[in-house]
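Participant: got a sequence here, can you model it:
(one chain, ligands or ions: 1)
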Amino acid sequence: MSKRGFFIVFEGVDGGGKSTQIKLLTEYLEEKGYDVEHHMEPTHGQIGNLLWNYMRSKNRSFTPETEALLFAADRIEHGNIIKEALNEGKAVISDRYLHSSLAYQGAAGVDAAWMKKLNKHALKPDLVILLDIDPDESLERVQDRARTVFEENEYLKKVRSEYLSYAENGELVVIDACRAIDQVHAEILTYVSKLF
Ligand code: TYD
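Facilitator: Sure, this is the predicted structure:
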C-alpha cells in the first residue's frame, strides 16, 4: 500500500517567518523521502486572485462577512487540490488556512461559529502550527515589503489574540517565533515527527 500523505498548515501574523520555516520543513521532509507540495491561501485560483487584488488595494471595502465568505469559497476550491495531492501520498504544506479566517475576520468582528459552519466541509489539517510573534516586532521585520490592507498594528494585535484563543482548545500548536530560526525549526520538528 502506498503511504498516506499529510497536511500541515502554518499560521500567524505577517513577519513571523512562515516562508523561512516552510522552506526548512520542506527540505527536512524531502530528505525523509516525501514529495512536498506548497500551497497558500488565498490560492491563485479565480476566487483567490480576486482576494489578492482586493488585499493589495488601499481600501478595505468589503464587509468582514463578505471577506469570510470569499475566503471560505476559495478554501472549498483549495480542498479539492489538497485531496488530490494527499491521495498521491504527498505532504502538503499550506501557508495559511481556516485559522486565518478565524483570526483575521474574527478580529474584525465576524462570528466564529458562523465561520466554522461555512467551513464545515473544509478538509481538516493533520497539524496547524502558529508562529507566534508580537505585531510590534513582526511589522518591523516586514517594513520593506508591500503591505496588505490587513497589516496595521492595532488590528494585528487583535488577530494575534484570536489566534492564541484557538491554542487553548488544542486546534493549533503555538511556537514562539521570536527566537533563532534553527530553534524554531527544531521545535516544529518535534510536532511534525509525530505524524510519521
Ligand atoms: P500574506 O500571507 O501575508 O502574504 P504576503 O506575505 O505575500 O503578503 O497575505 C495574506 C493575507 O490574507 C494576510 O494579511 C491575511 C489574509 N487572510 C485573511 O484575512 N483571511 C483568510 O482566511 C486568509 C486565508 C488570509
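Participant: got phi/psi on Ile82?
Facilitator: phi -60, psi -50 (degrees, to the nearest 10).
Participant: and it, how close does it get to the ligand?
Facilitator: 14 Å (Cβ to the nearest ligand atom, to the nearest Å). Any C-beta I mention is one placed from the backbone N, CA and C, and that applies to glycine too.
Participant: what's near enough to touch that residue?
Facilitator: 7, 39, 92, 94, 123 (Cβ atoms under 8 Å, 6 or more residues apart in numbering).
Participant: quick check: the third one is in a helix.
Facilitator: No - Val92 sits outside any helix when classified using DSSP: H, G, I helix; E, B strand; the rest coil, being strand.
Participant: is it in a bridge, and if so with what?
Facilitator: With DSSP bridges applied, Val92 shows beta-bridge pairing to Phe7, Glu37.
Participant: start at 489 instead
Facilitator: In the new numbering, first residue 489, that becomes Val580.
Participant: so who does it touch?
Facilitator: Counted by Cβ under 8 Å, 6+ apart, Val580 has contacts 493-496, 524-525, 527, 570, 573-574.
Participant: and the second one, by the same measure?
Facilitator: The contact partners of His527, taken as Cβ under 8 Å, 6+ apart, are 566, 569-570, 580-583.
Participant: most neighbours among those residues, which one is it?
Facilitator: Ile581 (26 neighbours; other Cβ atoms under 10 Å).
Participant: which residue is the nearest non-sequential neighbour of that residue?
Facilitator: Ile496 (5.1 Å; Cβ to Cβ, 6 or more residues apart in numbering).
Participant: hang on, isn't the one you found packed against Leu574?
Facilitator: No - using Cβ atoms under 8 Å, Ile496 makes no contact with Leu574, being 11.3 Å away.
Participant: and those two? Which one has more around it.
Facilitator: Legend: neighbour count by other Cβ under 10 Å for Ile496 and Leu574, higher for Ile496 (22 against 18).
Participant: farthest-apart pair in the contacts of Ile570, please.
Facilitator: His527 and Leu611 (11.2 Å; Cβ to Cβ).
Participant: quick check: buried residues in the helix or strand of the chain with the lowest mean pLDDT?
Facilitator: None of the helices or strands of the chain scores lower by mean pLDDT, DSSP states H and E than helix 623-629, at a mean of 85. For helix 623-629, the neighbour count (16 or more other Cβ atoms under 10 Å) marks 623, 626-627 as buried.
Participant: likewise for stretch 550-557?
Facilitator: For stretch 550-557, by 16+ other Cβ under 10 Å, it's 552-553, 555-557.
Participant: what does it contact?
Facilitator: 542, 558, 589, 592-593, 596-598, 602-603, 606.
Participant: can you flag the buried ones in those?
Facilitator: 542, 558, 589, 592-593, 596, 598, 603, 606.
Participant: helices of the chain, start to end?
Facilitator: 506-519, 534-544, 552-575, 586-588, 594-595, 600-606, 623-629, 641-656, 669-680 (DSSP state H).
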